[in-house]
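Give me a model of this one.
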Amino acid sequence: MKNQKFTLSERDIDRIVEMGWEDRTTFDAIKAQFGISEKEVIKIMRSEMKPSSFRMWRQRVQGRNTKHLKKRNFDLGRMKCSRQRSISNNKIS
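Numbers count the residues shown, from 1 in each chain. Reported below is the predicted structural model:
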């Protein structure tokens, strides 16, 4: 992990932590963008967070369907809420 950390910029690490916190961002998406596995994401989260925050995150993420692409049971193509209105020319349609 130490070697991997040197190849990631601070900005990359910050983004990985942010994506790790997001419920709907899968570990597969993080791997596609940064080339790191779920285990490596967990190591980064552990090293970048306070112990209590890391434990809270692990409890929330462990087994969560939305963090694992293969466990998802909803449409990946839809990127907005079905109740969200369309916006055109800076005005709500």
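
Tell me the secondary structure of residue 18, please.
helix (DSSP: H, G, I helix; E, B strand; the rest coil).

That one: neighbour count?
By other CB atoms under 10 Å, the residues close to residue 18 number 10. Where you see a C-beta, it was placed from the backbone N, CA and C, and this is true even at glycine.

so where's the chain uncertain?
Within the chain, the stretches with pLDDT under 70 are 1-6, 64-93.

what about 90?
1-8, 21-29, 59-93 (pLDDT under 90).

Any buried residues in stretch 39-46, and which?
40-45 (16 or more other CB atoms under 10 Å).

packing partners for whichever strand or helix holds residue 39?
Using DSSP states H and E, the element containing residue 39 is helix 38-48. In this structure, helix 38-48 packs against helix 2-7, helix 10-21, helix 27-34, helix 51-61, with contacts taken as 3 or more CB pairs under 8 Å, 6 or more residues apart in numbering; DSSP states H and E.

Quick check: which of the ones you listed is buried the most?
Most buried of those by mean neighbour count (mean count of other CB atoms under 10 Å) is helix 27-34; its value is a mean of 16.

re earlier: how much does the helix holding residue 39 deviate in direction from helix 27-34?
Counting by axes from the mean of the first three to the mean of the last three CA atoms, to 10 degrees, helix 38-48 lies at 80 degrees to helix 27-34.

Can I get helix 38-48 in CSV? Just the C-alpha atoms.
Taking Å, rounded to 0.1, in the frame of the first residue of the first chain, the C-alpha atoms of helix 38-48 are listed here in CSV:
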residue,chain,number,x,y,z
GLU,A,38,-11.7,-2.5,-2.5
LYS,A,39,-9.0,-3.6,0.0
GLU,A,40,-6.8,-0.7,-1.0
VAL,A,41,-9.7,1.7,-0.6
ILE,A,42,-10.3,0.4,2.9
LYS,A,43,-6.6,0.9,3.7
ILE,A,44,-6.7,4.5,2.4
MET,A,45,-9.9,5.2,4.4
ARG,A,46,-8.3,3.7,7.5
SER,A,47,-5.1,5.8,7.1
GLU,A,48,-7.0,9.1,6.3
